[in-house]
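# Could you look at this predicted model? Sequence included:
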Amino acid sequence: MILKTTSAGYWQYVKAGAEAYADENGVSVEVKGPTSETAYDEQQNMIETDLNSGAYDALVIAPLQGDQVATLIKGSETAVQAAKDAGWDEIKAIEICGVQGDATNTARYEGYKKGINGAGGEFLEDETQYANAVADQAVTCMEAIMQNHPEGVAIICANNDDMVMAAARAAKGNDTYKDTIFLGFNGDRAACEAILAGEETMSVIQDAYGMGYKAAEAAVTALDGGELEEFIDSGSGVVDADSAQERLDELAEYLK
């Protein structure tokens, strides 16, 4: 199994899910990934090496460069409602994106846009910021947003939790952003802790553990001659202050 990287906490849950399936079903699985989500050549070399090695019966790949179908993101609709509840009259949203041109980045962008606009908000496409999926650059992006919008913005969404937490820290102390909804993506341990500490509002959950488990299961099913569904849904949801502790407890069980 070749992931986008093994250096981020999110992918550790994917790894844990795959290894759990392997342990339960007597399967041997090796999980690896490049050093970062922009190490395209490194991942490509891994794929080519493993394909040519003859050492594996199946390969499961989370590609850094590949086509994906854009998915609707539940969190954007939830964020619009939260912004209304917080007293915002104009529900405008700006996204801090990851790597421009990356398929995953584009899918999340389209999901946020459709969800926010569909729920009655206004997704400001022309003001999208790109932070290459890293926190430091997200700070710079947030500073630019605050300079351009001294009146405040109802929703700041980002392609991962690290970026939105950095944006929230950058906005701390700016009174016009005290009721801004900071929406992240992944819903992992760090996000839940940040939500409980008031440093992030909510996060879209994708079940990393379930992805790893179902990916390993699908590979074995294919090897056994079984048919695979075109799309295997590992589930999604939204975590906020009301559910963050429950989510934390669940995540702790995965890595035991």
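Cool, the structure landed.
# could you show me where the strands are in the stretch 1-150 of the chain, in order?
Under the criterion DSSP state E, counting those that start in this stretch, the stretch 1-150 of the chain contains strands at 92-97, 122-123, 129-130.
# And for residue 130, the neighbour number?
Neighbour count for residue 130, taken as other C-beta atoms under 10 Å: 17. To be clear about C-beta, it is placed using only N, CA and C from the backbone, and glycine gets the same treatment.
# got it, and residue 186?
Around residue 186 sit 23 other residues, with neighbours defined as other C-beta under 10 Å.
# before we move on, the earlier item: any idea which of the strands of the stretch 1-150 of the chain gets closest to residue 200?
Closest to residue 200 of the strands of the stretch 1-150 of the chain, according to C-beta to C-beta: strand 92-97, at 12.8 Å.
# Tell me how far that closest one lies from the chain's centre.
15 Å (C-alpha atoms, centre = their mean, to the nearest Å).
# likewise stretch 184-204?
Here stretch 184-204 is found 11 Å from its chain centre; the criterion is C-alpha atoms, centre = their mean.
# OK, contacts around the residue lying closest to residue 97 once chain neighbours are set aside?
Of all residues not flanking residue 97 in the chain, residue 130 sits nearest, at 5.0 Å (C-beta to C-beta, 6 or more residues apart in numbering). Counting by C-beta atoms under 8 Å, 6 or more residues apart in numbering, residue 130 touches 96, 97, 98, 99, 100, 137, 141.
# tell me the contacts of the last one?
Contacts for residue 141 were tallied using C-beta under 8 Å, 6+ apart; they are 96, 129, 130, 131, 167.
# Just among those, which is most surrounded?
Using other C-beta under 10 Å as the neighbour test, these are led by residue 167, with 31 neighbours.
# which one of the contacts of residue 130 sits closest to residue 197?
Nearest to residue 197 among the contacts of residue 130: residue 96, at 19.9 Å, using C-beta to C-beta.
# correct me, but that closest one touches residue 161?
No - between residue 96 and residue 161 there is no contact under C-beta atoms under 8 Å: 11.5 Å.
# for residue 32, what are its contacts?
Here residue 32 is in contact with 1, 2, 3, 6, 46 (C-beta under 8 Å, 6+ apart).
# number of nearby residues for the first one?
Residue 1: 23 surrounding residues under other C-beta under 10 Å.
# where does it land on pLDDT?
We have a pLDDT of 95 for residue 1.
# Surely it and residue 19 touch.
No - Residue 1 is beyond contact range of residue 19, at 9.4 Å (criterion: C-beta under 8 Å).
# shared neighbours of these two, anything?
Residues touching both residue 1 and residue 19 (C-beta under 8 Å, 6+ apart): 29, 31, 212.
# Same list, those, but as a markdown table with neighbour count please.
Output for the shared contacts of residue 1 and residue 19, formatted as a markdown table (neighbours: other C-beta atoms under 10 Å):
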| residue | neighbour count |
| --- | --- |
| 29 | 21 |
| 31 | 21 |
| 212 | 30 |
